[in-house]
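task: produce atomic coordinates for the following.
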Amino acid sequence: MTDNKKTNTARLKDLYEKDIVPALMKKFGYKNRMNVPRLEKIVVNVGMGEMSQQKDLVEPLRDEIASLTGQKPSLRRTKKAISNFKVRIGAPVGYKTTLRRVRMYEFLDRLINFVIPRIRDFRGVSVTSFDQQGNYTLGIKEQTIFPELELDKVPVTHGMDICFVMTACAKEESKALLEGFGMPFEKR
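Numbering: from 1, shown residues only. Coordinates of the predicted model:
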């Protein structure tokens, strides 16, 4: 009896298992597949800034991020009051969502193949945005480059930070992993 179930795996996950893992094992001399760096999660962060004072912009912002990532973001609130910025304890300051597994790979696929090529005067993403642990953070200035958004329903343009959390120990390993996925780094 044959099982006709369709497996629900993302295209980039298959690419990672079939092509990227053997290439990284050869390049860095790993003896075991489990040593190869992998993408753990993608965290999408949107700060509200001035929008937090306007209550009618908080929910549309949540809906935008939900349509971009495919899951509902969590509201982030302040932990301290800062009088210079007119911020009180518990005031909303942004939204955050963490993508894992299939949603993570699907978001990465859309980001690399559809969103990044839509950036005006694009010369590649920065190579200097790696931290000491090998994680990469990509800042986007306008959310309007995402094709999922209807521009007439966007009340305010804003930016976002997309953080790629990886198991790599060095920047070179993380960069090689993202290049394997097709991330267009700038030429130096």
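
tell me the contacts of residue 41?
Contact analysis of residue 41 by Cβ atoms under 8 Å, 6 or more residues apart in numbering lists 98, 99, 100, 104, 165. Placement of C-beta: from N, CA and C, glycine included.

secondary structure class for it?
Reduced to three states with DSSP: H, G, I helix; E, B strand; the rest coil, the structure at residue 41 is strand.

just the pLDDT for it.
The per-residue pLDDT reported for residue 41 equals 92.

and for residue 8?
Confidence at residue 8, expressed as pLDDT, is 63.

who's in contact with residue 141?
Here residue 141 is in contact with residue 159 (Cβ under 8 Å, 6+ apart).

give me the distance between it and residue 23.
Between residue 141 and residue 23 the distance is 32 Å, computed by Cβ to Cβ, to the nearest Å.

before we move on, back to that, buried subset of the contacts of residue 41?
Burial by neighbour count, judged by 16 or more other Cβ atoms under 10 Å, picks out 98, 99, 104, 165 from the contacts of residue 41.

center of the chain, which residue is that?
residue 162 (3.7 Å; Cα atoms, centre = their mean).

so it, which state does it fall into?
On the three-state scheme (three-state DSSP), residue 162 is labelled strand.
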